[in-house]
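> For reference, the sequence and a predicted model appear below.
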Amino acid sequence: MIQVRKAAERGHFNHGWLDTYHTFSFADYYDPAHVGFRSLRVVNDDRVAPGEGFGMHGHRDMEIVTYVLEGALEHKDSMGNGSIIRAGELQRMSAGTGVRHSEFNPSDKDWVHLYQIWLLPEQKGLQPSYQELALSEEDKGGRFRLVAAPDGGPGVLTIHQDARLYLASLAPGQTVAQSIDHGRGAWLQVLRGKVNVLNHNLAAGDGVAITDEKAVAVQATSPTEVLLFDLV
């Protein structure tokens, strides 16, 4: 069974410096029919203007994953981390007992396009922590490439939840599939391009909740990138 969340149905706010779409209820946007999917609570599709960004602010008890699609994002936090995350790179921040951070577009001419994702942690009060991961097109080309998992490992971010995140970049006509264990569900987010999933045509910004299926197969109909969540 699948439930499609079309891009145009998401919450949308254009603040001038920030053009943002919310797949699930977030901040001033509330939709009782879309408050999350299993442990997945936030999927925000953000575009931030040159020289603008999110000033220092705090979080607690949340697993926050950011993926930069275009441009660059400058990160600073109260743990002492500071770096620039570029297109094709991810960061994971476990807010735990509390962390403050800022995210800015360091460019003076180019917008940055990113997805910010929040998942509930497996338990509250964890020690705050931070990781980064850089991927090449070859890393995720033509396959579901694991990018985050509870046990982490080389080239995989560690998230404190029974969830696995995969990225795939596909050429037109390519198909990839991922099995789903009994009792688990999947959320597929189309980041770019167009795909067909279980006889549904999806485009950039669309998402789909998948339950009671043994696998999810994705066929690209244009150059495409997708993000897949495997959730308990």
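Yep, it's here. Residues are numbered from 1 along each chain as shown.
> pretty sure Arg41 contacts Trp118?
Yes - the criterion here is C-beta atoms under 8 Å, and Arg41 meets it with Trp118 at 4.7 Å. To be clear about C-beta, it is placed using only N, CA and C from the backbone, and glycine gets the same treatment.
> Relative to Met56, how far out is His101?
7 Å (C-beta to C-beta, to the nearest Å).
> measure Leu228 to Val195 for me?
Applying C-beta to C-beta to Leu228 and Val195 gives a distance of 11 Å.
> where do the contact lists of these two overlap?
Val218 (C-beta atoms under 8 Å, 6 or more residues apart in numbering).
> Looking at the two, which one has more neighbours?
In this view Leu228 and Val195 are compared by other C-beta atoms under 10 Å, and Val195 has more residues nearby, 28 against 23.
> The spatially closest residue to Trp111 that is not a sequence neighbour is in what secondary structure piece?
Nearest residue to Trp111, sequence neighbours excluded (C-beta to C-beta, 6 or more residues apart in numbering): Arg47, at 5.4 Å. In this structure, Arg47 is located in strand 40-48 according to DSSP states H and E.
> try Asp139
Assigned by DSSP H and E, Asp139 falls in helix 137-140.
> Dump that helix to CSV, keeping only the CA atoms.
C-alpha atoms of helix 137-140 as CSV (Å, rounded to 0.1, in the frame of the first residue of the first chain):
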residue,chain,number,x,y,z
GLU,A,137,28.1,10.5,-8.1
GLU,A,138,29.7,7.1,-8.5
ASP,A,139,28.9,6.3,-4.9
LYS,A,140,25.2,6.4,-5.4
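> And that helix, what's buried?
Of all the residues in helix 137-140, those buried under the rule 16 or more other C-beta atoms under 10 Å are Lys140.
> Show the secondary-structure elements that it is packed against.
Here helix 137-140 touches strand 163-170, going by 3 or more C-beta pairs under 8 Å, 6 or more residues apart in numbering; DSSP states H and E.
> hang on, the earlier thing: so Arg41 and Trp118 - more neighbours on which side?
When Arg41 and Trp118 are compared for neighbours, Trp118 comes out ahead with 20 against 17, by other C-beta under 10 Å.
> For the residue lying closest to that one once chain neighbours are set aside, give me its contacts.
Computed as C-beta to C-beta, 6+ apart, the closest residue to Trp118 that is not its neighbour in sequence is Val42, at 3.6 Å. Going by C-beta under 8 Å, 6+ apart, Val42 touches 22-24, 26, 36, 116-118.
> again, only this time at 10 Å
Neighbouring residues of Val42 by C-beta atoms under 10 Å, 6 or more residues apart in numbering: 22-27, 36, 62, 64-65, 115-119.
> next one: Leu73
46, 48, 53-54, 66-67, 83-87, 89, 91, 103-107, 112-114, 116.
> For it, give its distance to Arg143.
For Leu73, the distance to Arg143 - C-beta to C-beta - is 26 Å.
> where are the low-confidence patches of the chain?
Residues of the chain meeting the criterion pLDDT under 70: none.
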